[in-house]
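[1] Based on what follows, work out the 3D shape:
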Amino acid sequence: MAEEKRLADLTALLTGSNQIGQVRAALDLVHLNTPAAHQVLVSALSNASEHSRACAAMALGRLQWVGAAPSLGRVLKGNTLGLFKDVSPEVRQTAAFALGRIGGDAAIKSLQKAYQRDEAETVRHEAAQALGKLGMPC
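    Presented below is the predicted three-dimensional model:
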């Protein structure tokens with residue numbers, strides 16, 4: 001019961017409008033490192049707040065949770081047609097960073113597509129750096 005209340009409080013902070021609260025909530029969810037905390041972070045990737053989405057992506061990267069790679073990949077590159085990726089270059093850049101920490105085939109494929117196709121130089125640069133950290137050529 002106490003964990004459910006804590007998760008509800010952290011979810012409210014992460015999805016709220018206070019940016020400092022969003023950062024604190026994301027870091028606390030990393031420290032919890034439970035399946036429920038993971039789901040809160042994945043859900044926050046579709047929050048209306050750009051800062052909240054970026055905090056969630058950063059937290060998922062810190063967790064290095066492989067299960068987050070598909071969701072972060074959608075944030076970064078959208079669906080198979082390239083539609084529905086995150087509108088914010090900053091959030092996509094953070095997703096690229098997170099995927100570079102997570103690694104794995106799904107992360108590498110998303111990073112390669114972002115490196116080849118993203119319109120934002122900052123995103124392409126982050127994707128290239130992440131691929132390099134994973135030992136993959138661009």
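[2] in the chain, which spans are strands?
    Counting by DSSP state E, one finds no strands in the chain.
[3] where's the closest residue in space to Ala37 that isn't next to it in sequence relative to Val23, distance?
    Closest residue to Ala37 apart from its sequence neighbours, by C-beta to C-beta, 6 or more residues apart in numbering: Leu29 at 4.3 Å. (Glycine included, C-beta is placed from N, CA and C.) According to C-beta to C-beta, to the nearest Å, Leu29 and Val23 sit 11 Å apart.
[4] now do Arg62
    For Arg62, the distance to Val23 - C-beta to C-beta - is 12 Å.
[5] What of His31?
    13 Å.
[6] what about these two, which has more around it?
    Val23 (18 against 11; other C-beta atoms under 10 Å).
[7] What pLDDT is listed against that one?
    Val23 carries a pLDDT value of 97.
[8] got it, and the one 10 residues further on?
    If you check Asn33, the pLDDT there is 97.
[9] Report whether the expected contact of it with Leu63 is present.
    Yes - between Asn33 and Leu63 there is a contact under C-beta atoms under 8 Å: 6.3 Å.
[10] out of the two, which sits in the busier spot?
    Legend: neighbour count by other C-beta under 10 Å for Asn33 and Leu63, higher for Leu63 (21 against 11).
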